[in-house]
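Student: Sequence first, then the predicted structure:
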Amino acid sequence: MFSKHPFTKKCAKRQKLVLVNRFYAPDVSATSQILTDIAEALSDGGELVSVFASRMSYDGKSTFPKYETINSVQVYRVWSTRFGRHTNLGRLVDYLTFYIAITVRLSFFVAPGDILVAKTDPPVLSIPLGVVARIKRVKLVNWLQDIFPEVAVQLGFGRSSSFPIRALRYLRNRSLRHAAMNIVIGARMAEKARKLQVAPEKIAVIGNFVDDQFILRSEEHSSSLRKAWGLKESDFVIGYSGNLGRAHDLDTMLDTAERLLDSPQFVFLFIGGGALHSQLQSEVKRRGLTNIVLQPYQPRSKLHESLALPDLHWASLEPKLEGLIVPSKIYGIAAAGRPLLMIGDPNGEVGRILSDYPFGKCVPPGDHAQVEAFVRSIQRDPSQSIKMGRLARQFIDDQASSEKAIANWKSLIERIRTLD
């Protein structure tokens, strides 16, 4: 599956589809997985696909080779510093060195007629790549997983009125408006993009997705994995899977876990890591939360098992970040046919989905009573869980299948090729 593939002049003679993100397979991060699926699907469809990423892994523990071919996709990795996600200064230096390296490298790689797709890791990647696109006369497509610097401002990293933020916002807006297309991952995000005065015809909504042919709805709860992690078959497991970052609400579920300490049938399972993971560990110890189990990120090959294990999943997004971020972990939860407890804005992206396909409940942050009542109702009535699981999978099949998303991508790329 993996083979070394040095850059050759032959590659430069054909129109290329070039996708850029800091992480790519075999990295296990969410942005890497969705990019890998899209790159391989477009390559299978006849596109000459190249991916540019960094050599570091999301967790900072691995280094990947400079050149590979992975399932017919050419993968080129540039050098950047590797301070990791532990400090804001280290992360900023990692971003800056990646910006410089990727800009220089792509300036020599892309050619007129190519399509250059920029994801938003690192943030505002569209700014330097917009310069490359104009100089090299290639078509820039921005694939927005979040809207920065607004996210940073909402999380307390800078003031909206400060010169650096205003300058970034101006340059970002310019790069979005001059792009051939901007792909957003939700309707609320499309609303935000239009407010930035991006032309409606330059905005396309294509949601993220999971491999819903691999992650299948199951009424089984991963008995072998439960046993390996010390969980009983009789436990009612409330699970969280993936990155636990600053955009997420942690306190509501910690408070709920504390309220349920005297109900030993309830167990809270956290799978993954993220910026709030150390806070989670500290709070578990400080509060004496013996009903919380922590496990690391799981390889993609085990995702179908780890998502099937919980009886109920929860996800969250701070309401102030609606339209700036979409919690894409809901697609894996729905594919596995599990009920969802969303901590966030009931009128947000996920709240709207749950109104149309009620496979769970959206509860505002801090509403512990409503959270506890919902958890207990699902535990008491297994038939309710089964019904919600079916609705969850119906949502995937109707609205969010990988087949539909990939077809939308292929159609959009064909359309972009015809643009002047």
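Tutor: Received, thanks. Residues are numbered from 1 along each chain as shown.
Student: Share the number of residues neighbouring residue 295, please.
Tutor: Residue 295 has 16 neighbouring residues, counting by other CB atoms under 10 Å. The way it works is simple: take the backbone N, C-alpha and C, and place the C-beta from them, glycine included.
Student: give me every residue that touches the residue nearest to residue 269 when sequence neighbours are not counted.
Tutor: Spatial nearest neighbour of residue 269, chain neighbours left out: residue 239 (4.5 Å); criterion: CB to CB, 6 or more residues apart in numbering. Contacts for residue 239 (CB atoms under 8 Å, 6 or more residues apart in numbering) come out as 268-271, 309-310, 312-314.
Student: 10 Å instead, please
Tutor: Counting by CB atoms under 10 Å, 6 or more residues apart in numbering, residue 239 touches 267-271, 293, 295, 306-314, 333, 338.
Student: same thing with residue 295?
Tutor: Residue 295 makes contact with 225, 228-229, 239, 241, 269-272, 306, 309 under the criterion CB under 10 Å, 6+ apart.
Student: Let me have those in JSON lines, extended by distance to residue 359.
Tutor: Formatted as JSON lines, those follow (distance: CB to CB, whole Å):
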{"residue": "225", "distance to residue 359": "22"}
{"residue": "228", "distance to residue 359": "28"}
{"residue": "229", "distance to residue 359": "25"}
{"residue": "239", "distance to residue 359": "15"}
{"residue": "241", "distance to residue 359": "16"}
{"residue": "269", "distance to residue 359": "19"}
{"residue": "270", "distance to residue 359": "21"}
{"residue": "271", "distance to residue 359": "20"}
{"residue": "272", "distance to residue 359": "22"}
{"residue": "306", "distance to residue 359": "19"}
{"residue": "309", "distance to residue 359": "17"}
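Student: Going by distance to residue 207, which of those wins?
Tutor: Relative to residue 207, the closest of the contacts of residue 295 is residue 241; by CB to CB it sits at 18.2 Å.
Student: Quick check: closest non-adjacent residue to the closest one.
Tutor: Closest to residue 241 by CB to CB, 6+ apart is residue 271, at 4.6 Å.
Student: pLDDT (mean, whole number) over the helix or strand where that neighbour lies?
Tutor: Using DSSP states H and E, the element containing residue 271 is strand 266-273. Strand 266-273 shows a mean pLDDT of 96.
Student: Which neighbours in the sheet does that strand have, and how are they oriented?
Tutor: Paired strands of strand 266-273, with direction, are strand 236-243 (parallel), strand 292-295 (parallel) (DSSP bridges).
Student: Which among the ones you listed is found nearest to residue 362?
Tutor: Smallest distance to residue 362 across the strands paired with strand 266-273 (CB to CB): 15.7 Å, for strand 236-243.
Student: Just the CA trace of the closest one, in CSV.
Tutor: Below are the C-alpha coordinates for strand 236-243, written out as CSV (Å, rounded to 0.1, in the frame of the first residue of the first chain):
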residue,chain,number,x,y,z
PHE,A,236,-24.3,2.0,30.8
VAL,A,237,-21.5,3.7,29.0
ILE,A,238,-21.6,7.4,28.1
GLY,A,239,-18.8,7.9,25.6
TYR,A,240,-16.7,10.7,24.1
SER,A,241,-14.5,9.9,21.2
GLY,A,242,-11.8,12.2,19.6
ASN,A,243,-10.2,15.5,20.3
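Student: Please tell me how far that strand is from the chain's geometric centre.
Tutor: 16 Å (CA atoms, centre = their mean, to the nearest Å).
Student: which residues touch the helix or strand just after that strand?
Tutor: Counting by DSSP H and E, the next helix or strand C-terminal to strand 236-243 is helix 251-259. Applying CB under 10 Å, 6+ apart, the contact partners of helix 251-259 are 238, 240, 266-268, 270, 279-280, 283-284, 286-292, 314, 316, 341, 343-344, 363-372, 374-375.
Student: Centre of the chain to stretch 233-242, how far?
Tutor: With CA atoms, centre = their mean, you get 21 Å for stretch 233-242.
Student: So that it lines up with my notes, have the first residue be 8 from now on.
Tutor: Okay, using 8 as the starting number, the last item reads as stretch 240-249.
Student: what comes up buried for that stretch?
Tutor: By 16 or more other CB atoms under 10 Å, the buried positions in stretch 240-249 come out as 242-249.
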